[in-house]
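Chemist: This is a predicted model, with the sequence first.
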Amino acid sequence: MKETDADVVRAELSGAVDLRRVGADPDYWYPVALTRDVRVGKVVAAVFAGERLALYRGKSGAVHALEDRCAHRQVPLSMGVVEGDVLRCRYHAWAYRGDGRISQIPYLTKEDRRPPRGVRGFPVREAYGLVFVFPGDPDKAQATALPELPAFSSGQYKTLTYSRVVRCHYSFMHENLLDMNHQFLHQGVVGRLRPELIGQRSDGRSVEARYLFTHAGGKRNAGASVLAAEGISGGSRDVMTIRTEYPYQTLDLVPEGADQPVFSLWAAYVPVGADQRACHVYGLLMIKKPRVPAVLTVAAPLIRRFTERIFAQDRMAVQAEQRAWDEQGEDRNHEVFSLILDVREALRSNGVPLAVSAGPRGVEPCAGAAGMCGGGDPEPLHTDAAPAR
Amino acid sequence: MKETDADVVRAELSGAVDLRRVGADPDYWYPVALTRDVRVGKVVAAVFAGERLALYRGKSGAVHALEDRCAHRQVPLSMGVVEGDVLRCRYHAWAYRGDGRISQIPYLTKEDRRPPRGVRGFPVREAYGLVFVFPGDPDKAQATALPELPAFSSGQYKTLTYSRVVRCHYSFMHENLLDMNHQFLHQGVVGRLRPELIGQRSDGRSVEARYLFTHAGGKRNAGASVLAAEGISGGSRDVMTIRTEYPYQTLDLVPEGADQPVFSLWAAYVPVGADQRACHVYGLLMIKKPRVPAVLTVAAPLIRRFTERIFAQDRMAVQAEQRAWDEQGEDRNHEVFSLILDVREALRSNGVPLAVSAGPRGVEPCAGAAGMCGGGDPEPLHTDAAPAR
Amino acid sequence: MKETDADVVRAELSGAVDLRRVGADPDYWYPVALTRDVRVGKVVAAVFAGERLALYRGKSGAVHALEDRCAHRQVPLSMGVVEGDVLRCRYHAWAYRGDGRISQIPYLTKEDRRPPRGVRGFPVREAYGLVFVFPGDPDKAQATALPELPAFSSGQYKTLTYSRVVRCHYSFMHENLLDMNHQFLHQGVVGRLRPELIGQRSDGRSVEARYLFTHAGGKRNAGASVLAAEGISGGSRDVMTIRTEYPYQTLDLVPEGADQPVFSLWAAYVPVGADQRACHVYGLLMIKKPRVPAVLTVAAPLIRRFTERIFAQDRMAVQAEQRAWDEQGEDRNHEVFSLILDVREALRSNGVPLAVSAGPRGVEPCAGAAGMCGGGDPEPLHTDAAPAR
């Protein structure tokens, strides 16, 4: 395989470049909305790394993703109106087809200047209750697989969906989950858990860690206790496998002696602004149905509350890391754990440079050092995004 | 007439320069407050393009406009106290005359350093319930006419006054009003109006468009319907004339066959910050009194509510345009409509460069590209400015 | 004594440099918290000129001050947990001793990379109900005296403590208090006071002014009147001595003919952000106990309310000065009063340059002109800090 320019850039990035200035590779499928939020005849705003998107579902039922700026006067198309399978800008009523081409300008006469062709359209797929777009080179979309989640549709698992903006670079999320030595943070919720690293491996695109978790006493909160009692969370000894498979991350919890996970988490961390200092977390938590499925129906709100509390603590920590980076202007971490050094390298070598000039995706960098002026990060569009069902 | 430096600069500006980086020419009369807000013995803060102003009305009844910073320690004089016809700084009690000259420093002794002479004073005039200042070269003030609004004092019209800050460059406002193809934006309020351009003309300082409006069905809201029924707004066919006469804008609505407007709007868009990315809109809406004037008394609140709804929609659109410009860092509009291309050219060629260095008006540019750091735009002083009577 | 580099820099600063760009010399003891807020087993966040601090009181009762970032991943140690005399980071449970050295990393194995030694620790002292730290060269801490406040513990005075963030450079505070010609600002509270400068002197590190205050009529508010009646504040003629003794400031009020102050104020203005455009004011107001001490118990809340009103007016003025500086980008004051010219010189010549590069204290300057991007000033940690008892 020939070495491409992108490969060269990536090689140069490795090691030398500040991990928090590495962008997520756009040549993957990224979730940008929940399926249920994009109803027929509706348009919603979404974003990937500063690229604003207008998602709409036409009467045919298909979701389309357009650059979220009318070619005419740059007004967001997400303020527009869906008419059949076209999207009409709210301001001067220019109409767009699902591929971004202009289909009509109501008032145009021969005296007027020739209009532009349209706006950029993005490949879209729907799966697992999520709307995925392919923000990178559209020619690569076809050959790039969606993540595979066999558990999702196996009938053996019930899925809870999470959607939240976290104000940190996506890399902090990967490091947080992989380094289970941070259980001290959750002590008030889960009691005293002792994680022991019992295996790790990495290759170019993935890093995997296996931990043996033993419960070492301490009060757990009600949720954690019920989960343990119902055999949904592990009992006293569980094996937890966490895996970064670029750009996604998964976590499986298998009680010692069992052959299937009782919990299986899939997560994507989708950059929000062009400076990628915030990410939209989409998570699918698949929970093994117990023998009496009604138990899970009862337990689900409990599990949600429990996971939200854990997540709130993690968010506090990773956002504090981002704030420190913002203040220091560079990554001054002294990481000691080889596993984390591995995942940092994987994220660096698979990432891309942050937009440094107005490239094909039309992302303008901030005038100062990348994003230092605070102008690069658009308002998160779903700050307190929908708790999923 | 000799070509001046300013003419050269303007010539260079034309076409080449981003319209949103063109400043409003300060050598005109601009409204900066409502007459009724500047009461005798009171001082209020106002602003023109980053130039802060302290307006006060002394016991003589005249309004004075001073640079809003004490020459001593730069504290706003608008925090000060009016004493007779002088304005005294609240901090160390330095007193200023209406022309900006210091009249007293209470504690000054011979040992002290020689004080400065004072602060800049601006020519002021009052008309139409507005306080106008002349922010530019004061020698030109005398020869520069206030806008003429014969309808205002004719007795045949009742005037509603509007005062609102809109977070966009003033040029977006001119384009918005002149391009009546944006009726799609107001469809929920006015029903389906079909505007047909039936005439246009421009010269160096003005651009005028005439539209024939026909009502093409669709539900109008109650306000619009009542107005139509009362013959205040047009019936099924009206001629609307919109005119940018630098730096002001007017709109007249004449029902087909009538010889006088039923509605006549005059508007000024006064830049707020030095970066001119927000403007304070002052509008005078003159409504022809019907044969039974009491009808208008009843209808006035309805008209106000109706126009506020229209205005809110326009504001949403133009502010979205400004946000897009802020993100893109430049004007990427693909304008097709020749009328709008004309008004853009008029605004460019009559404007002035944005303050690029601390010139005579003492306006400091932001450290980065014009206003990109967000530091150049002072807090609008009247964000939700007074609904006028 | 040999001229040091710092002396050279200071010499160059004098006169030439904008006073608002002069940093407070860190080689002094600065209060950063109230003693009562740092309870045993607790950790609180504090700050000096952008240097974030974690203060904690271990079981021994001593207060420790550490750099507020875990050496591992820069998460604030002020989010941590005190265990005996060590402070444990909340994220991965690294433990620190009071001097900043790491005492334990719970999960570290031989495979892991060698950890860092720890974080910076700061000398700490407690006095007058305040926690002082020495942010500069720790070798100088021992030889540098705490401010001496004999009145505090004399038994003759009752002390009220103040703690407030004011959004201005500390120099504005010194100028405000020394220039008593600003009584016009307080006229609504204190009536018409006529201050007459009856003496002044300065040397390299201090500037002192003596005023004779006479009450010239005008309504005083209830508080001021009661104080005067009780002989706590001065009657009709008082001598007020104000002194900047770098970096602190004091004010003594002695009624004519008396030999002891009835009021004695000590204040420190501690820079908050690296750009030093805000300061945390710590004030100790020592009030002479009257013959019947119960009078003071009754009067104390009155005095507090009265001083808070005065302080609120001063804050309005100095914050307006800072905003003007921010907008103008430089100091354009035209000071006329020789006393104030003296204190400006003293603050300049005793100050240090604002952090211009990532020096030993790890303070990063803002990308633009010092602090112009607004990024340099961390959120004040105690915006509306505790009213003291």
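Modeler: Sure thing, it's come through. Bear in mind the structure is a predicted one, so any value in this text is a computation, not a measurement.
Chemist: can I get the CA coordinates of stretch A:98-111 in PDB?
Modeler: Presented in PDB, the C-alpha positions along stretch A:98-111 are these (Å, rounded to 0.1, in the frame of the first residue of the first chain):
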ATOM      1  CA  GLY A  98     -30.900  15.600  -0.200                       C
ATOM      2  CA  ASP A  99     -27.500  15.700  -1.900                       C
ATOM      3  CA  GLY A 100     -27.100  19.400  -1.300                       C
ATOM      4  CA  ARG A 101     -27.900  20.600  -4.900                       C
ATOM      5  CA  ILE A 102     -30.200  23.500  -5.300                       C
ATOM      6  CA  SER A 103     -33.500  22.500  -6.800                       C
ATOM      7  CA  GLN A 104     -35.200  25.900  -6.900                       C
ATOM      8  CA  ILE A 105     -34.800  29.600  -6.300                       C
ATOM      9  CA  PRO A 106     -38.300  30.900  -6.400                       C
ATOM     10  CA  TYR A 107     -37.700  34.500  -7.600                       C
ATOM     11  CA  LEU A 108     -34.700  34.100  -9.900                       C
ATOM     12  CA  THR A 109     -34.900  35.900 -13.300                       C
ATOM     13  CA  LYS A 110     -32.600  36.100 -16.200                       C
ATOM     14  CA  GLU A 111     -31.300  39.400 -15.100                       C
END
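Chemist: Report the buried residues of the one helix or strand residue A:195 maps to.
Modeler: For residue A:195, the host element (DSSP states H and E) is strand A:193-202. By neighbour count on 16 or more other C-beta atoms under 10 Å in any protein chain shown, the buried set for strand A:193-202 is A:193, A:195, A:197, A:200, A:202. Bear in mind the C-beta positions are built from the backbone N, C-alpha and C, glycine included.
Chemist: In contact with the third one, which residues?
Modeler: With C-beta atoms under 8 Å, 6 or more residues apart in numbering or on different chains as the criterion, the residues that contact residue A:197 are A:180, A:209, A:210, A:211, A:339.
Chemist: pLDDT (mean, whole number) over the strand holding residue A:195?
Modeler: Confidence over strand A:193-202, taken as the mean pLDDT, stands at 93.
Chemist: Adjacent strands (with direction) for that strand?
Modeler: For strand A:193-202, the paired strands and their directions (DSSP bridges) are strand A:206-215 (antiparallel).
Chemist: tell me the mean pLDDT for the strand it pairs with?
Modeler: 93.
Chemist: What are the contacting residues of that strand?
Modeler: Contact with strand A:206-215 is made by A:178, A:180, A:191-202, A:228, A:234-246, A:256, A:339, A:342-343, A:346, as judged by C-beta under 8 Å, 6+ apart.
Chemist: how would you label residue A:325: helix, strand or coil?
Modeler: The three-state label given to residue A:325 by DSSP: H, G, I helix; E, B strand; the rest coil is helix.
Chemist: re the thing from before, which of the buried residues of strand A:193-202 sit farthest apart?
Modeler: Using C-beta to C-beta, the two most remote members of those are A:193 and A:202, lying 24.2 Å apart.
Chemist: Tell me who's in contact with residue A:336.
Modeler: Under the criterion of C-beta under 8 Å, 6+ apart, the contact partners of residue A:336 comprise C:72, C:105, C:108, C:112, C:113, C:114, C:115.
Chemist: related to what we said a few turns ago, who wins on neighbours among the contacts of residue A:197?
Modeler: Sorting those by how many neighbours each has (other C-beta atoms under 10 Å in any protein chain shown) puts residue A:209 first, at 26 neighbours.
Chemist: Please name the bridge partners of that residue.
Modeler: Applying DSSP bridges to residue A:209 gives these bridge partners: residue A:200, residue A:242.
Chemist: now it: how far from chain C?
Modeler: To chain C, residue A:209 is 13 Å away according to C-beta to the nearest C-beta, to the nearest Å.
Chemist: roughly how far apart are the residue of the stretch 201-350 of chain A found nearest chain B and chain C?
Modeler: Shortest the stretch 201-350 of chain A-to-chain B distance, computed as C-beta to the nearest C-beta: residue-wise this is residue A:274, at 8.8 Å. Using C-beta to the nearest C-beta, residue A:274 is found at 16 Å from chain C.
Chemist: What is the neighbour count of the nearest residue to that residue once chain neighbours are set aside?
Modeler: Leaving aside its sequence neighbours, residue A:274 sits nearest to residue A:50 (C-beta to C-beta, 6 or more residues apart in numbering or on different chains; 2.8 Å). By the other C-beta under 10 Å criterion, the neighbourhood of residue A:50 contains 24 residues.
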